[in-house]
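Enquirer: attaching a predicted model along with its sequence, questions to come.
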Amino acid sequence: MLLIQLISAMHFLLGLLVLVNQGALHIASTRLLVELVPEYHARAAFYILAGLAPALWARYKRCPYSWVALVPQMVLVGLSALSVSVAVGSWHYADGVLRDPKFIAADQLPYLLLPFVYMYGIAKAEKENGHKKVDGEVSK
């Protein structure tokens, strides 16, 4: 749960940063998002939504569809990993600086691993909360 909260805070703050500085997302891990969503206000709104939506998941965990609140964050984490994979495959960062693919992979390793760690955190939180008693009954 702490991991989800930290990623939520990061996305929320990054959304606010994009509102102030529209060039803030021109880095390797956000390259695909910049290309997919050209308007910086829309990118900032998506990051802010991704930062706030998991609060709904935390509040309504017992609802069978509460995981939908995590989708914006899953999209951002997945796009980051995909963007870094493109940088490794093309041998250069988003700004065009050429580097060895091993160097880029080592430099951007947290972004490559984050989707897996994020899904593990969600699965662990769901497992912990899936069998708590609600009004004297065991939830499924």
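Expert: On my side now, so go ahead. Numbers count the residues shown, from 1 in each chain.

Enquirer: check which helices and strands the helix or strand residue 119 falls within is in contact with.
Expert: Element membership for residue 119, per DSSP states H and E: helix 109-129. Secondary-structure packing of helix 109-129 (3 or more C-beta pairs under 8 Å, 6 or more residues apart in numbering; DSSP states H and E): helix 2-20, helix 71-90. For every residue, glycine as well, the C-beta is placed using N, CA and C.

Enquirer: of those, flag the one that's most buried.
Expert: helix 71-90 (a mean of 19; mean count of other C-beta atoms under 10 Å).

Enquirer: distance of residue 96 from residue 31?
Expert: Counting by C-beta to C-beta, to the nearest Å, the separation of residue 96 from residue 31 is 11 Å.

Enquirer: skip the chain neighbours and tell me the closest residue to residue 50.
Expert: Excluding the flanking residues, the one nearest residue 50 by C-beta to C-beta, 6 or more residues apart in numbering is residue 72, at 3.9 Å.

Enquirer: typo on my end, it should be residue 12
Expert: In space, residue 12 is closest to residue 51, 2.7 Å off (C-beta to C-beta, 6+ apart).

Enquirer: what does the model give that neighbour for pLDDT?
Expert: On pLDDT, residue 51 comes in at 89.

Enquirer: just the CA atoms of the helix holding residue 119, as CSV, please.
Expert: Provided in CSV are the C-alpha atoms of helix 109-129 (Å, rounded to 0.1, in the frame of the first residue of the first chain):
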residue,chain,number,x,y,z
LEU,A,109,16.2,0.2,-14.4
PRO,A,110,13.6,1.5,-11.9
TYR,A,111,11.2,2.4,-14.7
LEU,A,112,11.6,-1.1,-16.2
LEU,A,113,10.9,-2.9,-12.9
LEU,A,114,8.2,-0.6,-11.7
PRO,A,115,5.3,-2.2,-13.5
PHE,A,116,6.1,-5.6,-11.9
VAL,A,117,6.7,-4.2,-8.4
TYR,A,118,3.5,-2.1,-8.8
MET,A,119,1.4,-5.1,-9.7
TYR,A,120,2.9,-7.1,-6.8
GLY,A,121,2.0,-4.3,-4.5
ILE,A,122,-1.6,-4.3,-5.7
ALA,A,123,-1.9,-8.1,-5.5
LYS,A,124,-0.5,-8.1,-2.0
ALA,A,125,-2.9,-5.3,-0.9
GLU,A,126,-5.8,-7.2,-2.4
LYS,A,127,-4.8,-10.4,-0.7
GLU,A,128,-4.5,-8.7,2.7
ASN,A,129,-7.9,-7.0,2.3
